[in-house]
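A.B. asks: everything below, folded, please.
(4 chains)
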2 protein chains.
Amino acid sequence: MQEQDNKKLTMDDVARELGVSKTTVSRAVSGKGRIGDETRQRVLDFIAKHNYKPNTMAAGLAGSCTYNIGMVLPSDLLFSDLPFFPAALKGISEIASSKEYDLILTLVEANDLTRLERVIENRKVDGLILMRTLKEDRAAAMLKKSGIPFVTMGLSKEPGVYQVDNDHEEACHELTSILLMKGMKKIAVIAGDMNYIINQNRLGGFCRAYQEQGMTPDESLIFMDAVTPVMIERAVDAVKNRSVSCIISADDLIASAILQKLEAEGLKIPIDIRLASFHDSGLLAASKVGITAVKFNTEELGREACRVLLRRIQGEDVPYVTKLPYEVALRESTK
Amino acid sequence: MQEQDNKKLTMDDVARELGVSKTTVSRAVSGKGRIGDETRQRVLDFIAKHNYKPNTMAAGLAGSCTYNIGMVLPSDLLFSDLPFFPAALKGISEIASSKEYDLILTLVEANDLTRLERVIENRKVDGLILMRTLKEDRAAAMLKKSGIPFVTMGLSKEPGVYQVDNDHEEACHELTSILLMKGMKKIAVIAGDMNYIINQNRLGGFCRAYQEQGMTPDESLIFMDAVTPVMIERAVDAVKNRSVSCIISADDLIASAILQKLEAEGLKIPIDIRLASFHDSGLLAASKVGITAVKFNTEELGREACRVLLRRIQGEDVPYVTKLPYEVALRESTK
DNA sequence: CTGAAAGCGCTTACAG
DNA sequence: CTGAAAGCGCTTACAG
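C.D. replies: Sure thing, here's the model as predicted:
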């Protein structure tokens, strides 16, 4: 009780109280360097009892390690793809905090890397997670050059980058294959910002499914970069009189805009047209008919990304690409 | 170009190159301490040209300042009250990064303060923003004891706490008053977790509006802690045959659940019943009828909270309570 | 297995 | 207005 109210204990205090050197205390705390079992235990006991906490700033300066990991998120993703960020964050936070790491969150605006550069140059983090990959990934390129460990959520085209993904390509491939086999030959796709690799992967899986069945997708039914409600409405307009059997929406925000538009046009699902989506967030719960969707465990994606990063920081060998499973939930909307 | 690839410049390097002391460089960089205008300019020019960046760890250790600010969020709020966190985050990030501060995000689970304690004990931040206030605010209490500057988003019952809020009490008071004056005497309220002060404020404003018009709200029409869809459905069930004129929903997630339930029950808005909500997020865009809502500028709330915190960190005097405006948008749902 | 000492890159009294 | 020097609290060769 007494010590709690005093100035914080330093390593010096601990060493003095115990009659050992700072070196010894440091070794006991960090687990690095040779030290007798008994001595280590004595130090550890004392520390636990008196609630000593090493000063991160000092440790960082001396050992160049911060116990911080950086998360980098394009700020527009805060609002689109809504359920993604919170879920991923929760997973990352869980693993990070179990290893005593804290999280520094950097929102990057468009193509402006200054905030990210500051974090790197100030050595505020031991490693980073890029929460989304881009076609022209200047952030990934910069990080690679800087030599700091990092992992991306989603596939990256930069060679030699550690990446964790739900395999959206394969997921969209499977979804499309199923729809095709069910007899829907004319499928439209409405996808978001094609600068995000994830959207490219989805589209890629879609096309591959067609090709594997010896068909070619109708390019006039593929709508890319549908980032505003108006663009989505236009896409639906362009689709509605062409006897399309099904629309695949590249995420739930798009799907819910499509739903509204279809309703406004008086088109019923699955009678007049069918609909399938990615993600399966609460956004679609409002729909009376169940919407077929590819489901991902985004929290687990966050956890895994964080695990991989931590291993990289420790210098462990990790495979470059980790793919996590997905699940296709078939529901009424594609009956 | 040359220096960019070399080891990072240190303050020592700069001092040597310029033929001045480290002290002088430090003063020029920090702006603290007496220094000649001309000297300062020389140093600043050199720094800009050679892209010198002070090492935060070192500065932190010596001057005990981290250039980090902490954001603390109860993890359940990541998913409920959906639009709040991203918007607030964006605002905070904007101000913080304009002052060269980075953001450390701490998710706290239920009543577990360990993560927060770690951030404090490791002195990882210069100050914190509590993104939500609680009835029993152990986090606020702990921070106050620790003496570290912090501000809360939302009102706090702890005395002597700096707080920034949208004045939900007054907002709900105004909303309710308007509804009452429009002749809706029997209003039900469905509110979320009452551990959050914000929900108490909303309810408080509601009751005050009744009292000011010489009436008493019907307690059996006030539903608190409606945190699951099932509870919200039950509340609607309890309301539906009691000729209630309007339901006030304490946030958009609840409102959208209410909408679904009303639709399932075949109740039309505003014919059979009316509805008003807080926030006005995209969640309600799916509704065909416009939903009356109190609107807040959450991004600005984030900005202001961050400004207040930064002033506190600098030791400036700031009023304890800052209230930001709101707006009542009357729409079809309360016609 | 343990310790004395130098050093990480800053800040800040204290002198001048 | 400027500088020499001590110090922030750790880590880590280097010696023993």
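
A.B. asks: so what are the domain limits for chain A?
C.D. replies: Here the domain parsing of chain A from automatic domain parsing is A:2-54, A:68-166+A:298-325, A:168-296.

A.B. asks: give the contact list for the nearest residue to A:L18 once chain neighbours are set aside.
C.D. replies: Residue nearest to A:L18 in three dimensions, not counting chain neighbours: A:F46, with 5.8 Å by Cβ to Cβ, 6 or more residues apart in numbering or on different chains. In this view, the C-beta of every residue, glycine as well, is placed from N, C-alpha and C. A:F46 is in contact with A:14, A:17-18, A:52, counting by Cβ atoms under 8 Å, 6 or more residues apart in numbering or on different chains.

A.B. asks: now, these that are in helices?
C.D. replies: A:14, A:17-18 (DSSP state H).

A.B. asks: residues in contact with A:I247?
C.D. replies: A:187-190, A:236, A:239, A:258, A:273-276.

A.B. asks: near DNA strand C too, which of those?
C.D. replies: Applying Cβ under 7 Å from any atom of the strand, the subset of those adjacent to DNA strand C is empty.

A.B. asks: and whatever helix or strand A:G91 lives in, what other elements does it pack with?
C.D. replies: If you go by DSSP states H and E, A:G91 is part of helix A:84-98. On a contact count with 3 or more Cβ pairs under 8 Å, 6 or more residues apart in numbering or on different chains; DSSP states H and E, helix A:84-98 meets strand A:68-74, strand A:102-108, helix A:298-313, strand B:102-108.

A.B. asks: select, out of the ones you listed, the one closest to DNA strand C.
C.D. replies: Nearest to DNA strand C, of all the helices and strands packed on helix A:84-98, is strand B:102-108, at 16.1 Å by Cβ to the nearest atom of the strand.

A.B. asks: what lines up beside the closest one in the sheet?
C.D. replies: Sheet pairing of strand B:102-108 (DSSP bridges) gives strand A:102-108 (antiparallel), strand B:68-74 (parallel).

A.B. asks: just checking, next helix/strand downstream of that strand?
C.D. replies: helix B:114-121.

A.B. asks: chain center to that next one: distance?
C.D. replies: Chain-centre distance of helix B:114-121: 20 Å, with Cα atoms, centre = their mean, to the nearest Å.

A.B. asks: ok so, going back, tell me which residues in the helix holding A:G91 are buried?
C.D. replies: A:84-97 (16 or more other Cβ atoms under 10 Å in any protein chain shown).

A.B. asks: and those residues as TSV, adding distance to A:G204 and pLDDT?
C.D. replies: Formatted as TSV, these follow (distance: Cβ to Cβ, whole Å; pLDDT from 0 to 100):
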residue	distance to A:G204	pLDDT
A:F84	19	87
A:F85	24	89
A:P86	27	90
A:A87	24	91
A:A88	22	95
A:L89	27	95
A:K90	29	95
A:G91	26	96
A:I92	27	97
A:S93	31	95
A:E94	31	94
A:I95	30	94
A:A96	32	93
A:S97	36	88
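
A.B. asks: max pairwise distance over the residues you listed: which two?
C.D. replies: With Cβ to Cβ as the measure, no two of these lie farther apart than A:F84 and A:S97, at 20.4 Å.

A.B. asks: who in chain A is up against DNA strand C?
C.D. replies: Looking at DNA strand C, the residues of chain A close enough under Cβ under 7 Å from any atom of the strand are A:19-24, A:27, A:33-36, A:38-40, A:58, A:61-62.

A.B. asks: now, of those, which are buried?
C.D. replies: A:20, A:24, A:27, A:35, A:40, A:58, A:61.

A.B. asks: isn't A:E212 right up against A:S177?
C.D. replies: Yes - here A:E212 lies in contact with A:S177, judged by Cβ atoms under 8 Å, at a distance of 7.2 Å.

A.B. asks: what do the two both touch?
C.D. replies: Residues touching both A:E212 and A:S177 (Cβ under 8 Å, 6+ apart): none.

A.B. asks: the two: who's more crowded?
C.D. replies: Neighbour count, other Cβ atoms under 10 Å in any protein chain shown: between A:E212 and A:S177, A:S177 has more, with 18 against 12.

A.B. asks: returning to that earlier point: considering the ones in helices among the contacts of A:F46, which possesses the most neighbours?
C.D. replies: Of the ones in helices among the contacts of A:F46, with other Cβ under 10 Å as the count, A:V14 tops at 22 neighbours.

A.B. asks: so where's chain A uncertain?
C.D. replies: Flagging of chain A using pLDDT under 70 yields the residue ranges A:1-7, A:81-82, A:282-283, A:286.

A.B. asks: what segments of chain A are strands?
C.D. replies: Assigned by DSSP state E, the strands in chain A fall at A:68-74, A:102-108, A:127-130, A:150-153, A:162-165, A:187-190, A:222-223, A:246-249, A:274-279, A:292-296, A:321-323, A:326-329.

A.B. asks: turn the helices and strands packed on helix A:84-98 into TSV, including mean neighbour count and distance to DNA strand D.
C.D. replies: Below are the helices and strands packed on helix A:84-98 laid out as TSV (neighbours: other Cβ atoms under 10 Å in any protein chain shown; distance: least, Cβ to the nearest atom of the strand, whole Å):
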stretch	mean neighbour count	distance to DNA strand D
strand A:68-74	24	15
strand A:102-108	23	16
helix A:298-313	22	13
strand B:102-108	23	19
